[in-house]
Structure formats: structure tokens, C-alpha cells
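Asker: Build me a model from this:
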Amino acid sequence: MENVVLVIHLILALCLIGVVLLQRSEGGGLGMGGGGGGGAMSSRAAATALGKMTWIFAAAFITTSIVLTVIAAQNAAGSSVVDRLGAPAPVAESDAQDTLPPANDLLPPPSNTTPLTPPRAD
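Answerer: Numbers count the residues shown, from 1 in each chain. Predicted coordinates for the structure are as follows:
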């Protein structure tokens, strides 16, 4: 179900991008307006149709976004990232005393020991 909604969401995103790019610029953002070339539809009718399509695609895009959020929340309910990784569960403090190694293993070696040197190859 999630994959179907995700594919629809991606198609809607591409359609929304396409419809927005087809619209005529009315704000004069870069000084480039749409051409006034004649066609079967007048420029006002085309703008109205593209505007309606933009609203439809935008509403559908927002709806699929909300649906994907709800599906993701349901899939994640009651589980954590650690559970999904298969890592061991955290140890409670009362059990931690039994599982820790002795303190001697945690300390660095004494400073009076000589460091190990690799054997010389002659």
C-alpha cells in the first residue's frame, strides 16, 4: 500500500512541476512574459485551465503527503531504531554490575612496562 501511494505521490510531483512550468509568467520575474501566439484557446482560457490543474495536482500532492505520513507513523509505532537493527537490548543498571568485566581489565597498563618492539628483519 505504501509503495502504491509513493508512486502516485511521485507522479503527482512530476505533473505538478510540469503544469507550473507550462503556465505563463504574470509577475515579470525575469522580465520574460509568455508569448502572445494565437492558438485554439485564448491565453486567458489556457491560464484558467492550467490554474485549475495546478490546484488539483497540489491538493492531491498534499493528500498523498499526509497519507504517507500516517502510514509511516503506523509502521513505526511501538518500535525503535535499535529494535530494527537487531542490536541487543540495553542492560538495566541492576544487571550491569553482573556483566561488567573486572576493574583491572578497564585500567591502562602500568607505566613501568617496556613497550613491545617488532622483531628486526636482517
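Asker: so residue 67 makes contact with residue 4?
Answerer: No. Applying C-beta atoms under 8 Å, one finds residue 67 not in contact with residue 4, separated by 10.2 Å. Quick note: C-beta positions are derived from backbone N, CA and C, even for glycine.
Asker: quick one, which of the two is more surrounded?
Answerer: Comparing residue 67 with residue 4 by other C-beta atoms under 10 Å, the one with more neighbours is residue 67, at 16 against 8.
Asker: Could you pull up the residues touching that one?
Answerer: Taking C-beta atoms under 8 Å, 6 or more residues apart in numbering as the criterion, residue 67 is in contact with residue 5.
Asker: got it, and the one 4 residues further on?
Answerer: For residue 71, the contact set (C-beta under 8 Å, 6+ apart) comprises 1, 2, 5.
Asker: same question, residue 22
Answerer: Listed by C-beta under 8 Å, 6+ apart, the contact partners of residue 22 are residue 50.
Asker: that older thread, just the buried ones from the contacts of residue 71?
Answerer: residue 5 (16 or more other C-beta atoms under 10 Å).
Asker: Can you flag which of the contacts of residue 71 belong to helices?
Answerer: The helices, defined by DSSP state H, take in 2, 5 from those.
Asker: can you list the contacts of residue 71 in CSV and add distance to residue 112 and pLDDT?
Answerer: Shown next, in CSV, are the contacts of residue 71 (distance: C-beta to C-beta, whole Å; pLDDT from 0 to 100):
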residue, distance to residue 112, pLDDT
1, 67, 86
2, 63, 89
5, 68, 94
